[in-house]
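**Q** return atomic coordinates for the entry below.
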Amino acid sequence: MTDRAKVVLWSDYVSPYAFVAKALAYALEADYEIDVHWRPYTLDIASFQGSVEQRDPHHWRRVRYAYMDARRFANKQGLTLMGPKKIYYARAINAGMLYAQQHGVFRAYNDLAFERFWRRDLDPEDVDQVAGTLMQAGAPEGFAAFLDGEGGARHDALRAEAEASGIFGVPSFVFEGEIFWGGDRVFLLRERLDDKGVPRRR
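**A** Down below sits the predicted model:
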């Protein structure tokens, strides 16, 4: 038996474009005989969009457009996307993805974390709130220790791995070393899967 094709998806819960690409990723798994490996890539937003204090009018126009654009995609899916009130460093909530995967509750946590953050119901930097979301998804207690130990270390190692492989933003889908950045490139990924003969589900 041959191994199933693998697509790696780098994601970040505080990215509006990653939020609206979630359904596209789920559809890939539903349509193709593939395994989608979700991995956290915590963006240092200030490094590429500038800190709030550093942003000039040009940067603010780009930021406003980005949220308007993402909200259009969210509306098509019936999702609520409320712009965050500050720039977050999402290491805790993104490490939660690893904890959820370890305990077999990834899909439930993935949905809850995205939805709660974009409704402004979850502070992604608050370890207790993230732990509560994990428990609501079905994970056991212990996230804080995980984040302080192996989980935090793995999160940081994955970030370094992502950047070494050419990842610079989310969502980024990777198939056989080829990067497809953004949900609007998923149609190209689907073409590549078809070109490579990856079977569709019947």
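
**Q** mind listing the strands for this protein?
**A** Counting by DSSP state E, the chain has these strands, from start to end: 5-11, 34-40, 172-175, 178-181.

**Q** tell me the most buried of the ones you listed?
**A** Among those, strand 172-175 has the highest mean neighbour count (mean count of other C-beta atoms under 10 Å), at a mean of 22. Every C-beta, even on glycine, is put in place using the N, C-alpha and C of the backbone.

**Q** returning to that earlier point: okay, the strands of the chain in TSV with mean pLDDT and distance to Gln129 next?
**A** Putting the strands of the chain into TSV (pLDDT from 0 to 100; distance: least, C-beta to C-beta, whole Å) gives the following:
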stretch	mean pLDDT	distance to Gln129
strand 5-11	98	19
strand 34-40	98	17
strand 172-175	98	26
strand 178-181	98	29
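
**Q** same list (those) but as TSV, adding distance to Pro140.
**A** As requested, the strands of the chain are exported to TSV (distance: least, C-beta to C-beta, whole Å):
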stretch	distance to Pro140
strand 5-11	23
strand 34-40	20
strand 172-175	30
strand 178-181	35
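
**Q** nearest to Met82, of the ones you listed?
**A** Evaluated over those, closeness to Met82 peaks at strand 5-11, with 19.1 Å, by C-beta to C-beta.

**Q** output that closest one in CSV with nothing but the alpha carbons.
**A** Taking C-alpha atoms only, strand 5-11 is exported to CSV below (Å, rounded to 0.1, in the frame of the first residue of the first chain):
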residue,chain,number,x,y,z
ALA,A,5,-0.3,12.2,0.0
LYS,A,6,0.5,14.8,2.6
VAL,A,7,-0.3,18.5,2.7
VAL,A,8,1.2,20.6,5.4
LEU,A,9,-0.8,23.7,6.4
TRP,A,10,0.8,26.4,8.4
SER,A,11,-1.8,28.4,10.3
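
**Q** how many neighbours does Phe146 have?
**A** 21 (other C-beta atoms under 10 Å).

**Q** in contact with the closest residue to it other than its chain neighbours: list those residues for me.
**A** Nearest residue to Phe146, sequence neighbours excluded (C-beta to C-beta, 6 or more residues apart in numbering): Tyr99, at 5.3 Å. Applying C-beta atoms under 8 Å, 6 or more residues apart in numbering, we find Tyr99 in contact with 109, 134, 139, 142-143, 146-147, 151.

**Q** now intersect these with the helices, please.
**A** 109, 134, 143, 146-147, 151 (DSSP state H).

**Q** state the distance from the residue nearest to Ala66 when sequence neighbours are not counted to Pro124.
**A** Setting aside the residues directly before and after it, Ala66 is nearest to Pro16 in space (C-beta to C-beta, 6+ apart), at 6.9 Å. Plainly put, Pro16 is 13 Å away from Pro124 if you go by C-beta to C-beta, to the nearest Å.

**Q** could you export the ones in helices among the contacts of Tyr99 as a markdown table, including pLDDT and distance to Arg39?
**A** Shown next, in a markdown table, are the ones in helices among the contacts of Tyr99 (pLDDT from 0 to 100; distance: C-beta to C-beta, whole Å):
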| residue | pLDDT | distance to Arg39 |
| --- | --- | --- |
| Tyr109 | 98 | 14 |
| Leu134 | 98 | 17 |
| Phe143 | 98 | 18 |
| Phe146 | 98 | 16 |
| Leu147 | 98 | 16 |
| Gly151 | 98 | 13 |
